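> could you work out the structure for the sequence below:
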Amino acid sequence: MSGHSKFANIKHKKERNDAAKGKVFTVIGREIAVAVKEGGADPANNSRLRDVIAKAKANNMPNDTIDRGIKKAAGDANSVSYENLTYEGYGPNGVAIIVDTLTDNKNRTAANVRSAFTKGGGNVGTPGSVSFMFDKKGQIVIDKEECEMDADELMMLSLDAGAEDFAEEEDSFEIITAPEDFSKVREALEKEGIPMLEADVTMIPQTWVELTDDDAIKKMNRILDLLDEDDDVQATYHNWDE
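Next up is the predicted model:
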């Protein structure tokens, strides 16, 4: 299976500006608040919260920041209530884009997302207009340099835990799961002390679109930059083959 996975060439660009830790921490902070509100503040009894904590650690969020976020969400019964909204649309040359948001003001978010698409020459479509071009999957990325386990052992551990696929990249391992098996597989790896570079449920494109025109590339980057700058945007998925 190693090296022959159809997911082997996936580009891990779900969040293009992961270096901008402030934005990442804002995104994760909102996810913690929603997870606590839905399932309580004890990670032992809240698998969604466990997944968000793992994502936080993969992004080097300090433990005390994570703990503060959980306590704040648990202690503030009147805390802001976030709504999860997804937008779908097209960028230049028919590039498919999905935008996941968590918002306390859907009118503001809708206007901002629509503006980002418009400024980059794209347009927001109806629900379902592009999501059929993506597969919702759990995706775990492990840095080879950080992983002491042998590739075959790691593959067997992952598959035994319920993973669908395992791919060996040049500098990383990638594990793909069904969304409902993601927590189980991630926790099996965590139990073995495997450090994860990325661990999240994501949208993986079935096909990729290339942009060769400089103007189209500029417009596509404009859309993604504006979405990245919006605090309401949790994640952006697209099938542009950068």
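
> residue ranges in this structure under the pLDDT threshold?
Residues of the chain meeting the criterion pLDDT under 70: 1-21, 77-80.

> can you show me the strands along it?
83-90, 96-103, 123-124, 134-143, 165-168, 172-177, 198-205, 233-238 (DSSP state E).

> what's the longest one in contact with?
Right, the one you point to is strand 134-143. 7, 10, 12, 96, 98, 154, 158, 164, 171-179, 181-182, 185-186, 189, 194-206, 237, 239 (CB atoms under 8 Å, 6 or more residues apart in numbering). Glycine gets a C-beta too; all of them are placed from N, C-alpha and C.

> could you export that strand as PDB, CA atoms only?
Taking Å, rounded to 0.1, in the frame of the first residue of the first chain, the C-alpha atoms of strand 134-143 are listed here in PDB:
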ATOM      1  CA  PHE A 134     -14.600  16.200  -2.600                       C
ATOM      2  CA  ASP A 135     -14.500  13.300  -0.200                       C
ATOM      3  CA  LYS A 136     -14.800  14.000   3.500                       C
ATOM      4  CA  LYS A 137     -12.000  12.100   5.200                       C
ATOM      5  CA  GLY A 138     -10.000  12.000   8.400                       C
ATOM      6  CA  GLN A 139      -6.400  12.900   7.600                       C
ATOM      7  CA  ILE A 140      -3.400  12.400   9.800                       C
ATOM      8  CA  VAL A 141       0.100  13.600   8.700                       C
ATOM      9  CA  ILE A 142       3.200  12.400  10.600                       C
ATOM     10  CA  ASP A 143       6.700  13.900  10.100                       C
END
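
> ok, that strand: who's next to it in the sheet?
Next to strand 134-143 in the sheet, as set by DSSP bridges, lie strand 172-177 (antiparallel), strand 198-205 (antiparallel).

> of all those, which lies closest to residue 84?
Residue 84 lies closest, by CB to CB, to one member of those: strand 198-205, at 12.6 Å.

> what's the helix of greatest length in the chain packed up against?
When the chain is parsed with DSSP state H, its longest helix is helix 21-39. Secondary-structure packing of helix 21-39 (3 or more CB pairs under 8 Å, 6 or more residues apart in numbering; DSSP states H and E): helix 47-58, helix 63-75, strand 96-103, strand 233-238.

> can you do 10 Å?
Applying 3 or more CB pairs under 10 Å, 6 or more residues apart in numbering; DSSP states H and E, we find helix 21-39 packed against helix 47-58, helix 63-75, strand 83-90, strand 96-103, strand 233-238.
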